[in-house]
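Novice: Kindly generate the corresponding structure for this input.
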Amino acid sequence: MDIRFRSIAKNDFDFLWRLHVDSLREYVEKTWGWDDTRQRGFVVEIVRAAEGQVVVVDEKDAGVWYVVEHDCDILLSSIRLLPEFQNRGIGTRLITDLLSNTNKPVRLQVLKVNPARRLYERLGFETYDDTETHYKMINPVPLKSVSTSDRSDTRY
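Specialist: Below you'll find the model as predicted:
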């Protein structure tokens, strides 16, 4: 499986809208309710900012990936994959590659109703705080010396 990234382009709105609806609508509805106009506005801002990268799998646009590096840590701001690309190890591969290539803690937040939390826990993320709607998680230890098969059991 060939995975690469490309920059978000101005003509990516339709793809990003489909991705947003297909990957997040269920969880947004459960958490706040879905407002089509408001959600479209979020996607317009994503395209306008063009800060993330489109995940391309075997030459097909599969998702989006937003990583922000700070002085002391890295924020995995968002990882979204279309349903047809989920449960194929793509998200695991992207996150483990990120964890393996940094000496900084990686943090993220996930909606409480999103089952992706289990993936993050398997990859060594721990909940350090929560809000009414989200779990805030961190993987405090770089995984450079841990093999992929051992990562799910690694805590410190």
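Novice: mind listing what Val55 touches?
Specialist: Contacts here follow CB atoms under 8 Å, 6 or more residues apart in numbering; on that basis Val55 touches Ile3, Phe5, Asp61, Ala62, Gly63, Val64, Trp65, Leu81, Phe85, Ile90, Leu94. To be clear about C-beta, it is placed using only N, CA and C from the backbone, and glycine gets the same treatment.
Novice: Same question for Val54.
Specialist: With contact taken as CB under 8 Å, 6+ apart, Val54 is in contact with Phe5, Arg6, Ser7, Ile8, Asp12, Phe15, Asp61, Gly63, Val64, Trp65.
Novice: Can you tell me which of those residues end up in strands?
Specialist: Members of the contacts of Val54 lying in strands (criterion: DSSP state E): Phe5, Arg6, Ser7, Asp61, Gly63, Val64, Trp65.
Novice: ok so, going back, PyMOL command to pick out the buried ones of the contacts of Val55?
Specialist: For selection in PyMOL, the members of those meeting the burial criterion (16 or more other CB atoms under 10 Å) are listed in this command:
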select buried, resi 3+61+62+63+64+65+81+85+90+94
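Novice: who does the helix-or-strand element of the chain with minimal mean pLDDT touch, helix- and strand-wise?
Specialist: Confidence across the helices and strands of the chain bottoms out at helix 36-49, with a mean of 87, counting by mean pLDDT, DSSP states H and E. Contact analysis of helix 36-49 by 3 or more CB pairs under 8 Å, 6 or more residues apart in numbering; DSSP states H and E lists helix 13-31 as its packing neighbours.
Novice: how close does the spatially most central residue of the chain sit to Glu59?
Specialist: The central residue of the chain, meaning the one whose C-alpha is nearest the mean C-alpha position (CA atoms, centre = their mean), is Ile79 at 1.8 Å. With the distance defined as CB to CB, to the nearest Å, Ile79 ends up 20 Å from Glu59.
Novice: Over to Val44?
Specialist: Using CB to CB, we find Val44 at a distance of 27 Å from Glu59.
Novice: what angle do the least confident helix or strand of the chain and helix 13-31 make?
Specialist: Orientation of helix 36-49 against helix 13-31 (axes from the mean of the first three to the mean of the last three CA atoms, to 10 degrees) gives an angle of 130 degrees.
Novice: export helix 36-49 as CSV, just CAs?
Specialist: Provided in CSV are the C-alpha atoms of helix 36-49 (Å, rounded to 0.1, in the frame of the first residue of the first chain):
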residue,chain,number,x,y,z
ASP,A,36,-25.4,21.7,7.5
THR,A,37,-24.6,25.4,7.0
ARG,A,38,-22.3,25.6,10.0
GLN,A,39,-20.5,22.4,9.0
ARG,A,40,-20.0,23.6,5.5
GLY,A,41,-18.5,26.7,6.9
PHE,A,42,-16.0,24.6,8.8
VAL,A,43,-15.0,22.9,5.6
VAL,A,44,-14.7,26.2,3.7
GLU,A,45,-12.3,27.4,6.4
ILE,A,46,-10.2,24.1,6.0
VAL,A,47,-9.9,24.7,2.3
ARG,A,48,-9.2,28.4,2.8
ALA,A,49,-6.5,27.8,5.4
